[in-house]
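Undergrad: Here is the input, now give the coordinates:
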Amino acid sequence: MSTRIAFLKGHGTENDFVIVPDPENALDLSPAAVAALCDRRAGIGGDGVLHVVRSAAHPEAREMAAEAEWFMDYRNGDGSVAEMCGNGVRVFARYLQHAGHVAEGDLTIATRAGVRTVHLAKDGDVTVGMGAARLPEGEVTVAVGERSWPARNVNMGNPHAVAFVADLAHAGDLYTAPPVSPAAAYPDGVNVEFVVDRGPRHVAMRVHERGSGETRSCGTGACAVAVAAARRDGTDPAVTGTPATYTVDLPGGRLVITERPDGEIEMTGPAVIVAEGEIDADWLARAVG
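TA: Numbering: from 1, shown residues only. Got it, this is the predicted structure:
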């Protein structure tokens, strides 16, 4: 391993990431190393790590290499592996553009939830085709303290429980994961969204992200919220034949989510690279050791 490792820092609606370019998958990013990098006091700080690898060089992505040159090996801030991160895909695409690997327009990115289509617009926004939502059957309940709410089970390649509340403050501090029952509905944990209405097809949310705690934004969560809100409002584009678009306000900014009649969900929002530099490999070794 070299004594220094290149990194960048970026965010999408203030959901921030340490970006580690590693085209040939030469780095051993252990869970402890990821957690050290994401530490906001002793490390670089971030909600997660975007490990940038060519699909052909990663065993989990080789089968997708013909469709997408690049694989987003995403890790949560605690070092755990995640299937998907919507804000992360936008920032990942912005990095590829920043590094000269891609230009404005359309591209594809491999993720553990499958290949995602991305459009880099001239105005700076990034649109991601997030795939279709799955809506598992069964009742789910979310609790905070003595309060509890029914929640909608939505899967966007990763699991979500969406609860509509009267006040976002009812979500509490979100330092720890809100209890969700039945536990069997989410055997690998769950992202929990608390949602209030702001106007017609306009909602605001807070989120506890599995493995990261409360974050300033969650792209897959915003998609799950838009789908849950549409179904609550009696809207299903597959039935009406008309796209449904919701504006979703998050603590870190605003995302626009459109569900199309074919089930595809598109998420549009900003993605920014804010810094780049080098990680001292000796420090990382000590932090992990």
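Undergrad: pLDDT below threshold where in the stretch 51-200 of the chain?
TA: Within the stretch 51-200 of the chain, no range satisfies pLDDT under 70.
Undergrad: Quick one: the strands in it, in order.
TA: Listed in chain order, the strands of the stretch 51-200 of the chain (DSSP state E, counting those that start in this stretch) span 70-76, 105-111, 114-120, 126-132, 140-144, 147-155, 159-164, 180-181, 191-199.
Undergrad: can you put the ones you listed in a markdown table and add distance to Thr235?
TA: Every residue, glycine included, has its C-beta placed from N, CA and C. What follows is the strands of the stretch 51-200 of the chain, written out as a markdown table (distance: least, C-beta to C-beta, whole Å):
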| stretch | distance to Thr235 |
| --- | --- |
| strand 70-76 | 30 |
| strand 105-111 | 27 |
| strand 114-120 | 24 |
| strand 126-132 | 15 |
| strand 140-144 | 21 |
| strand 147-155 | 14 |
| strand 159-164 | 15 |
| strand 180-181 | 25 |
| strand 191-199 | 14 |
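Undergrad: List of residues touching stretch 274-286?
TA: Contact partners of stretch 274-286, identified using C-beta atoms under 8 Å, 6 or more residues apart in numbering, comprise 1-11, 20, 33, 36-37, 44.
Undergrad: Over it, what's the mean pLDDT, rounded is fine.
TA: Across stretch 274-286, the average pLDDT comes to 95.
Undergrad: and that stretch, how far from the chain's centre?
TA: With C-alpha atoms, centre = their mean, to the nearest Å as the basis, stretch 274-286 stands 24 Å off its chain's centre.
Undergrad: ok, now stretch 24-32?
TA: A distance of 20 Å separates the centroid of the chain from that of stretch 24-32, by C-alpha atoms, centre = their mean.
Undergrad: ok, now stretch 157-164?
TA: In terms of C-alpha atoms, centre = their mean, the centre of stretch 157-164 is set 12 Å apart from its chain centre.
Undergrad: what do you get for stretch 194-202?
TA: Stretch 194-202 sits 20 Å away from the centroid of its parent chain (C-alpha atoms, centre = their mean).
Undergrad: Counting neighbours, which bits of it end up buried?
TA: For stretch 194-202, burial by neighbour count (16 or more other C-beta atoms under 10 Å) applies to 194-196, 201.
Undergrad: Can I get it in PDB, CA atoms only?
TA: Backbone C-alpha positions of stretch 194-202 (Å, rounded to 0.1, in the frame of the first residue of the first chain) are rendered in PDB as follows:
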ATOM      1  CA  PHE A 194     -40.800  10.500   9.500                       C
ATOM      2  CA  VAL A 195     -42.900  12.600   7.200                       C
ATOM      3  CA  VAL A 196     -45.100  15.700   7.400                       C
ATOM      4  CA  ASP A 197     -47.200  17.400   4.700                       C
ATOM      5  CA  ARG A 198     -46.100  20.900   3.400                       C
ATOM      6  CA  GLY A 199     -48.600  21.200   0.500                       C
ATOM      7  CA  PRO A 200     -50.100  19.300  -2.500                       C
ATOM      8  CA  ARG A 201     -47.500  16.700  -3.500                       C
ATOM      9  CA  HIS A 202     -45.000  18.400  -1.200                       C
END
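Undergrad: Right, I'll call it a day here.
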